[in-house]
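Novice: Kindly generate the corresponding structure for this input.
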Amino acid sequence: QEASEKQKIEDEKRKAEMQQQHKSHMDELSNSRKQAQEARDKQHNEQMKEYNQQHQKNMNQMTNRMNNMHNQHLEKFTNRVNDLHSKNMQSFNTAMNKHRDEFGNSIGRVKDQLLNE
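Specialist: This is a model prediction of the structure:
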C-alpha cells in the first residue's frame, strides 16, 4: 500500500514536471514565432519604405520631364505666334506705305492738274 502511495506521488511529480516542460516548450515556440513575425514585418516595412522612395523619385522625374516638355512647347508656340504677328505687321505696313504713296501721288496729280488749268 505504501509503495503504491509512493508510486502515485512519484507519478504526480513526473506528470507536473512534464506539464511544466511542455508549457516551457510551448512558450518558447510562441516567442520564436513572434520574433520571426516581427522580423518579417520589419523587413517588409523597410522594403515598402524603399519602394515608396523610389516611386516618389520616379514621379518627380516624370513631373520634371512633363514640365520641360510643356515649357518647350509653349516657347515654340509663342515664337511661332510672334513670327506670324511680325510678318503680318510687315505686310500691313508695306500695304499702308504703298497706299500712302499712291494717295500722295494722286494728290500730286490733282494738284498739278489744278495748277495747269
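Novice: what helix or strand is the residue nearest the centre of the chain on?
Specialist: Geometric centre of the chain, nearest residue: residue 59, 2.4 Å, by Cα atoms, centre = their mean. When secondary structure is defined by DSSP states H and E, residue 59 falls within helix 2-116.
Novice: so how far is residue 73 from the residue nearest to the centre of the chain?
Specialist: Computed with Cβ to Cβ, to the nearest Å, the distance linking residue 59 and residue 73 is 21 Å. (Glycine included, C-beta is placed from N, CA and C.)
Novice: quick one: average pLDDT of the helix holding residue 59?
Specialist: For helix 2-116, the mean pLDDT works out to 95.
Novice: quick one: that helix to chain centroid distance?
Specialist: Using Cα atoms, centre = their mean, to the nearest Å, the distance from the centre of helix 2-116 to the centre of the chain it belongs to is 0 Å.
Novice: Could you tell me how many residues sit around residue 86?
Specialist: Residue 86 has 10 neighbours, counted by other Cβ atoms under 10 Å.
Novice: residues in contact with it?
Specialist: Contacts for residue 86 were tallied using Cβ atoms under 8 Å, 6 or more residues apart in numbering; there are none.
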